[in-house]
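**Student:** Dropping a prediction and its sequence here:
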Amino acid sequence: MCRKCIRTRNSRARHRVSTFRYTSLMRVLAIDPGYGRCGMAVVEKSGGPETLIYSACIETSAQSDFGARLATVVDECAKLIKVHAPDAFAMEKLFFSKNQKTAMRVAEVRGALISCAGQNGIEVFEYSPGQIKNAAAGWGGADKKQVAAMLHILMKIDKNIKHDDEYDAIAIGLTHLVYARR
């Protein structure tokens with residue numbers, strides 16, 4: 001039984017107890033899930049400041065069927081896992097959308113990505129948009145421009161980033177590094 005269960009004397013608690021522990025070197029694969037555009041980043045912490053190892057925005061063609069788009073995103077994720085060997089897999093929690101079809105499709109992408117991580121033995125961590133903004137910009141109500149500006153201050157980002165999805169993935173990776181230290 002974990003400390004939380006003992007403290008609340010609830011032997012039937014239904015929360016997840018993570019076995020993940022922060023080490024001096026940690027590499028995170030972070031994903032902002034989507035099927036039109038999917039942000040992916042590999043962020044590392046090793047003694048000094050957080051470092052961006054890789055980032056990209058995977059774009060799929062709207063003319064392709066959903067299965068092909070999903071396969072493209074999952075294949076790219078699997079390649080990153082093989083190349084970068086991350087210690088953890090972090091992603092944004094699903095938010096509710098006015099468009100139910102879009103929300104369902106994004107949920108399907110998330111499920112496929114979680115499965116990909118699980119097949120490779122990588123623990124998955126999920127963060128809310130407020131947690132991500134708070135960790136990256138210091139305020140849960142920050143807008144995307146403020147988050148992007150803070151990421152350039154906190155991390156060395158040499159490349160020209162065109163899409164918010166890529167910044168979101170970098171921020172998700174940074175968020176995991178912040179929360180894993182606690």
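**Tutor:** It's in. Numbering: from 1, shown residues only.

**Student:** List the buried residues in the helix or strand harbouring residue 172.
**Tutor:** Secondary structure assignment for residue 172, by DSSP states H and E: helix 164-180. Under the neighbour-count criterion of 16 or more other CB atoms under 10 Å, helix 164-180 has 164-178, 180 buried. Heads up, the C-betas are built off the backbone N, CA and C, glycines and all.

**Student:** Please name every helix or strand in contact with that helix.
**Tutor:** strand 25-32, strand 37-46, strand 51-59, strand 88-92, strand 124-127, helix 129-137, helix 144-154 (3 or more CB pairs under 8 Å, 6 or more residues apart in numbering; DSSP states H and E).

**Student:** Quick one: end-to-end length of stretch 33-40, please.
**Tutor:** 8 Å (CA to CA, to the nearest Å).

**Student:** sorry, back to before: could the helices and strands packed on helix 164-180 be laid out in TSV, adding distance to residue 102?
**Tutor:** Converted to TSV, those look like this (distance: least, CB to CB, whole Å):
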stretch	distance to residue 102
strand 25-32	14
strand 37-46	12
strand 51-59	16
strand 88-92	15
strand 124-127	19
helix 129-137	16
helix 144-154	19
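
**Student:** would JSON lines of these with mean pLDDT and distance to residue 118 be doable?
**Tutor:** Output for the helices and strands packed on helix 164-180, formatted as JSON lines (pLDDT from 0 to 100; distance: least, CB to CB, whole Å):
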{"stretch": "strand 25-32", "mean pLDDT": "95", "distance to residue 118": "13"}
{"stretch": "strand 37-46", "mean pLDDT": "96", "distance to residue 118": "17"}
{"stretch": "strand 51-59", "mean pLDDT": "96", "distance to residue 118": "20"}
{"stretch": "strand 88-92", "mean pLDDT": "97", "distance to residue 118": "9"}
{"stretch": "strand 124-127", "mean pLDDT": "97", "distance to residue 118": "7"}
{"stretch": "helix 129-137", "mean pLDDT": "94", "distance to residue 118": "22"}
{"stretch": "helix 144-154", "mean pLDDT": "93", "distance to residue 118": "28"}
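
**Student:** Can you add mean neighbour count and give those back as TSV?
**Tutor:** Converted to TSV, these look like this (neighbours: other CB atoms under 10 Å):
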stretch	mean neighbour count
strand 25-32	23
strand 37-46	23
strand 51-59	18
strand 88-92	24
strand 124-127	18
helix 129-137	20
helix 144-154	16
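
**Student:** so which of these gets nearest residue 110?
**Tutor:** strand 88-92 (6.7 Å; CB to CB).

**Student:** quick one: strands adjacent to the closest one?
**Tutor:** Sheet partners assigned to strand 88-92 using DSSP bridges are listed as strand 25-32 (parallel), strand 124-127 (parallel).

**Student:** Of these, which is nearest residue 133?
**Tutor:** strand 124-127 (9.9 Å).

**Student:** Using PDB, write out every CA atom in the closest one.
**Tutor:** What follows is strand 124-127, C-alpha atoms only, in PDB (Å, rounded to 0.1, in the frame of the first residue of the first chain):
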ATOM      1  CA  VAL A 124       3.500   7.300 -20.000                       C
ATOM      2  CA  PHE A 125       2.900  10.500 -18.100                       C
ATOM      3  CA  GLU A 126       0.100  12.900 -18.900                       C
ATOM      4  CA  TYR A 127      -0.100  16.600 -18.100                       C
END
